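Student: here is my input, please return the structure:
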Amino acid sequence: MQRIETERLVLRRWRAEDVAAMAVVNADPEVMRWIGDGSVRDEERTRAGIEAWEREWEHEGFGLFAVEVRATGRVAGFTGLSVPHFLPEVLPAVEIGWRLGREYWGKGYATEAARAALRFGFRDRGLNQILSIAQPENKASQRVMSKLGMRLVKETVAPDAGRTALVHGLSRAEYEVGE
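Tutor: Residues are numbered from 1 along each chain as shown. Below is the predicted model:
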């Protein structure tokens, strides 16, 4: 089982009991407003999503981690790596992403978790480039991308949602210089 510990967080594979906590995150319209078309997801769709993320781990050797707050043991959301099938023009590619419940915003958790996931992607999985994709209005995610050293490489439209997507990228060489 893949597990990464940071100062305040544990990044780990998903468990059945995590579905309820992630469903609360996915049911919040404010959390979901910049995801795809902005639709919230119920517990059934959340469970299906987690199952798909776990299949990606088995198929790709990477995936989305459950992010657990060490002090409480509570699942705050996710971070990790995935193949951005929703944006075919960037494929083949690996994307880093994150989604945390609102109560965890503004604490630096997204950046802390994403830094650990980047290190995992470049160091443990030998990836040469990692992308991150956000809608232009999602300034919080763009700040995290900037803190990670990512730069804007492309502006496009995501065909699944018909919304503008800003593609940021970081190469392994750039990562190693900044490390």
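Student: who's the residue sitting nearest the centre point of the chain bridged to?
Tutor: Against the mean C-alpha coordinate of the chain, by C-alpha atoms, centre = their mean, the closest residue is residue 97 at 2.0 Å. Per DSSP bridges, the residues bridged to residue 97 are residue 80.
Student: how far away is it from residue 64?
Tutor: 7 Å (C-beta to C-beta, to the nearest Å). From N, CA and C alone the C-beta is placed, and that goes for glycine too.
Student: can you show me the strands along the protein?
Tutor: 3-5, 9-12, 64-69, 75-82, 95-100, 129-134, 151-158, 163-171 (DSSP state E).
Student: pLDDT averaged over the last one - what is it?
Tutor: Strand 163-171 carries an average pLDDT of 96.
Student: number of residues surrounding the residue nearest to residue 43 when sequence neighbours are not counted?
Tutor: Excluding the flanking residues, the one nearest residue 43 by C-beta to C-beta, 6 or more residues apart in numbering is residue 23, at 4.1 Å. By the measure other C-beta atoms under 10 Å, the count of residues near residue 23 is 19.
Student: give me the pLDDT for residue 23.
Tutor: Reading off the model, residue 23 has pLDDT 98.
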